[in-house]
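In: 3D model of this:
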Amino acid sequence: QVQLVESGGGLVQAGGSLRLSCAASGVFYHMGWFRQAPGKEREFVVAVSWSGGSTKYADSVKGRFTVSRDNAKNTMYLQMNSLKPEDTAVYYCAATLKWGPVTAATSEWNYWGQGTQVTVSS
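Out: Next up, the predicted model:
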């Protein structure tokens, strides 16, 4: 059984930073972050491979967000800098059993956390 628990969300002013964490248990390969704003579909943010050696970012966060993974602690992190109001959303941690290249496709991810709210004020 895989469990994913996010933390670190909150309210921040535009231009500020937040660091999200995802504490994981169970067996899986790659991990990722997705987000969902009110009235919108869940969208891909970033994925990191099992080893941490391969990452994939959404264009909207490239250069501002950085993902990392510490397998010894079973934890994934998302450092978010230069936050914008359009980054406001519930952020979800995800994990997949699918081997191979990391993917942005929501349907390829098997497990999800409960989400953590990130609000960026202008």
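In: Chain neighbours aside, what residue packs nearest to the most centrally placed residue in the chain?
Out: Centroid-nearest residue in the chain: Trp33, 2.0 Å away (criterion: Cα atoms, centre = their mean). Using Cβ to Cβ, 6 or more residues apart in numbering and skipping the chain neighbours, the partner closest in space to Trp33 is Val45 (4.3 Å). Using the backbone N, CA and C atoms, a C-beta is placed for each residue, glycine as well.
In: for Val61, same thing?
Out: Val45 (5.9 Å).
In: Could you count how many residues lie near the one you found?
Out: Other residues near Val45 come to 25 when the count uses other Cβ atoms under 10 Å.
In: check contacts around Tyr29.
Out: Shown in contact with Tyr29 (Cβ atoms under 8 Å, 6 or more residues apart in numbering): 49-50, 95-99.
In: Which one of those residues sits in the busiest neighbourhood?
Out: Within those, neighbour counts (other Cβ under 10 Å) peak at Ala95, which reaches 23 neighbours.
In: pretty sure it is touching Glu108, no?
Out: No. If you go by Cβ atoms under 8 Å, Ala95 and Glu108 don't touch, sitting 10.9 Å apart.
In: For the protein, give me the ranges with low pLDDT.
Out: Counting by pLDDT under 70, the chain contains no low-confidence range.
In: CA-only coordinates of the helix or strand in which Ser68 is found in CSV, if you can.
Out: Per DSSP states H and E, Ser68 falls inside strand 65-70. Taking C-alpha atoms only, strand 65-70 is exported to CSV below (Å, rounded to 0.1, in the frame of the first residue of the first chain):
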residue,chain,number,x,y,z
PHE,A,65,10.6,25.4,-9.4
THR,A,66,13.1,22.7,-8.5
VAL,A,67,12.2,19.1,-7.6
SER,A,68,14.4,16.8,-5.5
ARG,A,69,14.1,13.4,-4.0
ASP,A,70,15.7,11.8,-1.0
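In: Describe which strands that strand pairs with in its sheet and in which direction.
Out: strand 75-80 (antiparallel) (DSSP bridges).
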